[in-house]
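A.B. asks: next input, structure requested:
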Amino acid sequence: MRENGAMPARDANEQPEQPWNRRRLRSTNERLLLDRLRTGGPASRAQLARETGLSKPTVSSALAALEEAGLVHEVGTHAPERGRVAVLYAPDPAAGHALGIDIGRGWLRVALADLDGSVVARADVRNRARSSGAMADLVVATARQVVAGSGLGTDEVAHAVVGTPGVYDERQRRVRYAMHLPGWGRAGLFDRMREMLGVPLEVHNDANLAALGEYTYGVGAGSRLFAYIMIGTGLGMGVVSEGRLFTGAHGGAGEIGFLPWPGRQKPETLEDAVSGVAVVEAARHFGMTGQLTAKAVFDAAREEHPAAVRAVRLEGERIAHTVAAAAAVLDPDLVVLGGGVGHSIDLLLRPVRETLRTLTPLRPKIVPSRLGEDAVLLGAVATALGTARDVVFDRRSGS
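C.D. replies: Take a look at the predicted model:
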């Protein structure tokens, strides 16, 4: 007991009591309700109270605060068989926005999404930049154009994510291993882009983002562990385990193109053997002439041109080796084939599966990308949204 206002003695090992933080509790309740509305769809006060275990007065107070902050809004009513008509609430998608950017050798793609993940503006631009500086300027100009075209200001964009070939080194502030974009490894390039754009900007490997895109919006949904193999100008792989990217100790996990491959004249890498360039080289080796692209070879194979058919068959066999390597290391339940060459998966699936049976007893399910050329862009949007939602909540709720 206290006497004369004196505090009782405290044990030396006892931790001091933490002060009651009502603001933190209110913020936690508001975030709980907002997350429930985002994942479970519109709901009434009574429904939210039942599902979260919060009291009805607490739910009403939290919803009022969220509505005042512009984070939720009324979206309709529900009339039960008995009782009063209930107002339904949902997150306000216009409370903030996120920017996704896909930097490829041939194309630059930029998309602006609201907090529901709906794309509200987009631009696809040919990449004709001849230097890394020009490429950075093109990215910034296109992103600004997309934001302005939506009627928003950059201050309404909470976060941006860029997908690029190579591995971003946060410590050195530069991209490594982006062999197909000359000069792209220059230090400070992305710092310059952040400053010019005026939006927080995060950088990720394109194959990793494609994998996240397929997990969020495509064929990877529900997979326990799947690998996305990107076959285009180069070769890369993204790995998603239990909904999370696996990037390795230094961000280099999935750089499968560096695996050695026994070349005809000298040792090569797997990327030398499995890429759009390799398809063209194989077609020439088998007798095709003229101005060739990977697309032209696949189109000719559909017309049963003998040399093109042989080149496509060889590409399928080499992709099977890639899948076998991934299966042995990762044991995925699903392998998704995407990238530029992935557009012709209808011609490749049979030789891939047939060859895989001769290589290994490990045979994961192999499917084409559902998102096609949008996989990286949508992965960038999904990743940017994860941060943007947190940023917008903290800004508007005063957390």
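A.B. asks: give me the buried positions along stretch 340-357.
C.D. replies: Residues of stretch 340-357 classed as buried by neighbour count (16 or more other Cβ atoms under 10 Å): 340-345, 347-349, 351-352, 355-356. Backbone N, C-alpha and C define where each C-beta goes, glycine included.
A.B. asks: out of these, which one has the lowest pLDDT?
C.D. replies: The member of the buried residues of stretch 340-357 with the lowest pLDDT is Gly342, at 72.
A.B. asks: for it, give its distance to Arg171.
C.D. replies: 33 Å (Cβ to Cβ, to the nearest Å).
A.B. asks: from the middle of its chain, how far away would stretch 95-107 be?
C.D. replies: Distance of stretch 95-107 from its chain centroid, counting by Cα atoms, centre = their mean, to the nearest Å, is 10 Å.
A.B. asks: tell me the average confidence for that stretch?
C.D. replies: The predicted confidence, averaged over stretch 95-107, sits at 94.
A.B. asks: same check on stretch 320-328?
C.D. replies: Computed over stretch 320-328, the average pLDDT equals 96.
A.B. asks: give me the contacts around that stretch.
C.D. replies: When contacts are defined by Cβ atoms under 8 Å, 6 or more residues apart in numbering, stretch 320-328 is touched by residues 227, 229, 235, 237, 256, 259, 270, 274, 332, 335, 351-356, 359-360, 362-364, 366.
A.B. asks: show me those residues that map onto strands.
C.D. replies: Ala227, Ile229, Leu235, Met237, Val335, Ile366 (DSSP state E).
A.B. asks: beta partners for the second one?
C.D. replies: This points to Ile229. Met237, Leu337 (DSSP bridges).
A.B. asks: from here on, count from 46
C.D. replies: With 46 as the first residue, the last one maps to Ile274.
A.B. asks: hang on, it packs against Leu375?
C.D. replies: No - with contacts counted by Cβ atoms under 8 Å, Ile274 stays clear of Leu375, the gap being 11.2 Å.
A.B. asks: looking at those two, which is more packed in?
C.D. replies: Ile274 (27 against 20; other Cβ atoms under 10 Å).
A.B. asks: the inter-axis angle of the longest helix out of those in the chain versus strand 379-383?
C.D. replies: Determined from DSSP state H, the single longest helix within the chain is helix 351-375. Going by axes from the mean of the first three to the mean of the last three Cα atoms, to 10 degrees, helix 351-375 is angled at 140 degrees with respect to strand 379-383.
A.B. asks: quick one: contacts for Thr338?
C.D. replies: Gly321, Val325.
A.B. asks: change it to 7 Å
C.D. replies: Val325 (Cβ atoms under 7 Å, 6 or more residues apart in numbering).
A.B. asks: cool, thanks, signing off.
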